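In: Model the structure of this input:
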Amino acid sequence: MAPIIYILAFVGGFSIMSLELLGGRVLAPYFGSSIYVWGSIITVFMLSLSIGYLLGGRLSLRNPTLGRFSLIFLAAAACLYPLVYFSEDIMVYIFERVVDPRYGSLLASSILFIVPTVIMGMISPYSVRMLVKTTERSGHVAGVLYFVSTLGSALGTLATSFYLILWFEINTILTLLTGALLAMALLAGAAARRGRQPPQGQTAVLLLLGALLLPAPTAEARIIHQERSLYSNILIDKQGPVVCLQFSVRRDQRNQSCRNERKPREMVFIYARMMMTSLLLNPEPERILVLGLGGGTLPLALDEMLPEARIDVVEIDPAVVRVAREFFGFAPSSRVGVFAQDGRVFVKRAARRGETYDLIMLDAFNGEYIPEHLMTREFLEEVDALLAPDGVLAANTFSISDLYHHESATYAAVFGEFFNLRSDLSGNRVVLTRKGPLPDAATLARRAAELADAVAPYGVRFDELIDMMTTARDWNPDARILTDQYSPVNLLQSN
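Out: Sure thing, here's the model as predicted:
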């Protein structure tokens with residue numbers, strides 16, 4: 001009987017961690033992916049497992065059998081599968097009634113995950129009771145059992161984060177987990193009905209534990225500020241007159257935002273200059289939304305150029321706002337508002353309030369990744385709903401890796417034709433589109449000439465940037481569209 005029990009414990013551990021990882025992806029479209037959301041998920045799973053351990057231990061005192069054990073897996077599958085159909089409706093209901101994403105994510109996590117996780121938490125203590133025959137060996141049996149269960153959890157974490165989210169949609173993975181739990185219920189039930197022990201065999205499990213030791217960052221004279229925020233390691237370094245912001249202390253991490261103190265208005269990076277081409281599609285936006293602050297390069301320039309415009313900046317990390325004010329000259333005002341929250345949550349709520357913007361800039365990009373829930377078709381549809389009748393969208397994204405094809409297909413699915421500006425040297429590209437038809441070459445040239453003097457102090461040359469603007473479709477037309485269900489962005493970006 002022991003091999004059967006070990007298999008059951010392994011699959012139970014695998015399923016628990018796989019579901020926990022999927023929880024973040026399930027909640028992100030409505031509550032974001034901040035530390036508060038993950039805190040809610042982890043809290044709910046830990047509390048649920050503790051209750052499950054308690055209930056499983058009590059249940060195991062009542063004549064434990066494989067037949068009854070199979071019912072635990074059957075109950076877990078029955079409570080897990082409804083998430084495929086009802087999780088969206090539940091999150092919509094909570095989102096409309098709970099404004100604070102901390103409590104919204106906590107409530108949603110509780111409703112969605114407590115019951116199936118409590119039931120799966122019962123598996124380990126029940127397994128121990130099934131295997132323990134004598135008190136002398138109880139400690140050894142429990143140790144081996146929890147080794148197998150934790151090994152399943154580790155492999156469930158790796159399999160889900162490395163492979164399953166790349167191959168399947170979220171609901172498909174949930175269905176597969178349900179199928180695995182049902183298969184275990186059938187396995188235990190079949191063994192119980194046979195009324196005899198399955199053939200005994202030796203189980204050899206090799207666990208290789210590797211510790212990746214990252215050297216501590218070496219303090220250099222050019223580092224002028226360093227802090228760990230809720231979301232990242234923030235580093236400010238200075239080389240001569242150039243001050244730069246990074247969101248990591250890895251040696252190969254690229255700068256996120258830089259400011260030349262001798263020429264403070266000049267845009268150091270080409271991606272920022274590329275984003276300014278959005279003014280060629282709408283030269284006088286009255287309401288502007290910027291997702292992602294960095295050093296504040298874009299809001300600062302737009303605030304100076306457009307003194308009548310109202311600019312809303314959304315930045316999830318309050319520490320980034322503080323750093324932008326202290327080192328990069330960014331200053332909120334009566335016309336420039338800063339909202340410290342997840343960009344997806346802000347967009348969704350602004351759309352529900354009926355707000356619109358003449359220009360939306362998506363710049364939640366640190367040179368390494370964009371949050372998955374800010375790249376999906378559903379998110380772009382929500383952004384599209386925020387655009388005024390002549391509204392313009394500019395998005396700073398990737399120009400390299402397999403992600404380029406999927407991302408391009410997603411933007412095309414929502415907005416149709418768009419201008420593509422690529423800089424393969426920097427790894428950036430800007431997607432530029434608007435409500436209605438795109439302007440023709442003559443209109444672009446005329447507006448570029450009219451705005452030339454206004455953008456010159458920022459190092460922007462529209463005559464050069466216009467040559468980079470193309471509507472040619474240079475991506476794989478068969479690339480799969482990114483959705484809230486399928487968005488393995490980090491994996492695609494690494495290929």
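In: show me where the chain has strands.
Out: 223-228, 233-239, 242-246, 257-260, 287-291, 310-314, 336-339, 357-362, 387-398, 419-423, 428-434 (DSSP state E).
In: Each with direction, which strands does the second one pair with?
Out: Same thing as strand 233-239. strand 223-228 (antiparallel), strand 242-246 (antiparallel) (DSSP bridges).
In: And the fifth one, by the same measure?
Out: Strand pairing for strand 287-291, using DSSP bridges, gives strand 310-314 (parallel), strand 357-362 (parallel).
In: quick one, which of those strands is packed in tightest?
Out: Burial of those is given as mean neighbour count (mean count of other C-beta atoms under 10 Å); strand 357-362 ranks first at a mean of 25. Bear in mind the C-beta positions are built from the backbone N, C-alpha and C, glycine included.
In: Residues touching it, excluding its own?
Out: For strand 357-362, contacts defined as C-beta atoms under 8 Å, 6 or more residues apart in numbering pick out 275, 278, 282, 285-292, 298, 312, 343, 374, 383, 386-388, 390-397.
In: For this structure, give me the ranges with low pLDDT.
Out: Applying pLDDT under 70 to the chain flags residues 195-221, 248-254, 366-368, 490-495.
In: same thing but at 50, please
Out: Scanning the chain for pLDDT under 50 picks out the ranges 196-221, 249-252, 367.
In: on that earlier part again, mind putting the strands paired with strand 287-291 into a markdown table with distance to Leu482?
Out: A markdown table is the format used below for the strands paired with strand 287-291 (distance: least, C-beta to C-beta, whole Å):
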| stretch | distance to Leu482 |
| --- | --- |
| strand 310-314 | 21 |
| strand 357-362 | 14 |
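In: Show me the one of the strands paired with strand 233-239 that comes nearest Thr356.
Out: Thr356 lies closest to strand 242-246 among these, at 30.8 Å (C-beta to C-beta).
In: Now do that closest one: distance to the chain's middle.
Out: 25 Å (C-alpha atoms, centre = their mean, to the nearest Å).
In: which ones are touching Ser87?
Out: Contact analysis of Ser87 by C-beta under 8 Å, 6+ apart lists Val26, Leu112.
In: any idea how far the nearest residue to Arg325 once chain neighbours are set aside lies from Asp402?
Out: The shortest distance from Arg325 to any non-neighbouring residue, by C-beta to C-beta, 6 or more residues apart in numbering, is to Ala331 (6.4 Å). Distance, Ala331 to Asp402, using C-beta to C-beta, to the nearest Å: 40 Å.
In: repeat for Ser124
Out: Taking C-beta to C-beta, one finds Ser124 at 39 Å from Asp402.
In: Give the full set of residues in contact with Arg273.
Out: Contact analysis of Arg273 by C-beta under 8 Å, 6+ apart lists Met267, Tyr458, Gly459, Val460, Arg461, Leu465.
In: and the longest helix seen in the chain, what does it pack onto?
Out: Secondary structure of the chain read by DSSP state H shows that its longest helix is helix 2-31. Secondary-structure packing of helix 2-31 (3 or more C-beta pairs under 8 Å, 6 or more residues apart in numbering; DSSP states H and E): helix 35-59, helix 66-80, helix 83-97, helix 101-121, helix 123-131, helix 138-158, helix 170-194, helix 343-352.
In: what angle do it and helix 170-194 make?
Out: In terms of direction (axes from the mean of the first three to the mean of the last three C-alpha atoms, to 10 degrees), helix 2-31 departs from helix 170-194 by 160 degrees.
In: Return the set of buried residues in helix 2-31.
Out: 2, 4-31 (16 or more other C-beta atoms under 10 Å).
In: Could you save the strands of the chain as a markdown table and add columns showing distance to Phe86?
Out: Formatted as a markdown table, the strands of the chain follow (distance: least, C-beta to C-beta, whole Å):
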| stretch | distance to Phe86 |
| --- | --- |
| strand 223-228 | 38 |
| strand 233-239 | 39 |
| strand 242-246 | 42 |
| strand 257-260 | 42 |
| strand 287-291 | 30 |
| strand 310-314 | 30 |
| strand 336-339 | 31 |
| strand 357-362 | 31 |
| strand 387-398 | 31 |
| strand 419-423 | 39 |
| strand 428-434 | 34 |
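In: Of all the ones you listed, which one is nearest Ala472?
Out: Comparison of the strands of the chain against Ala472 by C-beta to C-beta identifies strand 419-423 as nearest, at 7.3 Å.
In: before we move on, back to that, higher neighbour count, Ser124 and Asp402?
Out: It is Ser124, of Ser124 and Asp402, that has more neighbours when counted by other C-beta atoms under 10 Å, with 25 against 15.
In: for that one, what are its contacts?
Out: Per C-beta under 8 Å, 6+ apart, neighbours of Ser124: Ala9, Gly12, Gly13, Tyr53, Gly56, Leu145, Tyr146, Ser149.
In: same question, Tyr85
Out: Applying C-beta under 8 Å, 6+ apart, we find Tyr85 in contact with no residue.
In: rerun that using 10 Å as the cut-off
Out: By C-beta atoms under 10 Å, 6 or more residues apart in numbering, the contact list for Tyr85 reads Asn171, Leu174.
In: Tell me how far it lies from Thr175.
Out: For Tyr85 relative to Thr175 (C-beta to C-beta), the value is 11 Å.
In: Repeat that for Ile123.
Out: The gap separating Ile123 from Thr175 is 20 Å, by C-beta to C-beta.
In: These two - which one has more neighbours?
Out: The neighbour comparison of Ile123 against Thr175 (other C-beta under 10 Å) goes to Ile123, with 28 against 16.
In: The more buried one against Gly57, yeah?
Out: No: the criterion here is C-beta atoms under 10 Å, and Ile123 misses it with Gly57 at 11.4 Å.
In: Give me the number of neighbouring residues for Cys244.
Out: When neighbours are defined as other C-beta under 10 Å, Cys244 has 21 of them.
In: er, Asn420 I mean
Out: Asn420 has 22 neighbours, counted by other C-beta under 10 Å.
In: Could you give the bridge partners of it?
Out: With DSSP bridges as the rule, Asn420 is bridged to Val431, Thr470.
In: need the contact list for it.
Out: By C-beta under 10 Å, 6+ apart, the neighbours of Asn420 are 399, 404, 408, 411, 429-433, 468-475.
In: repeat for Leu302
Out: By C-beta under 10 Å, 6+ apart, the neighbours of Leu302 are 275-276, 278-279, 285, 288, 290, 309, 311, 313, 336, 359, 361.
In: Also Leu421?
Out: Shown in contact with Leu421 (C-beta under 10 Å, 6+ apart): 270-271, 273-275, 277, 394, 396, 399, 428-432, 465-470.
In: quick revisit: just checking, the residue nearest to Arg325 touches Leu300?
Out: Yes: using C-beta under 10 Å, Ala331 is in contact with Leu300, at 8.4 Å.
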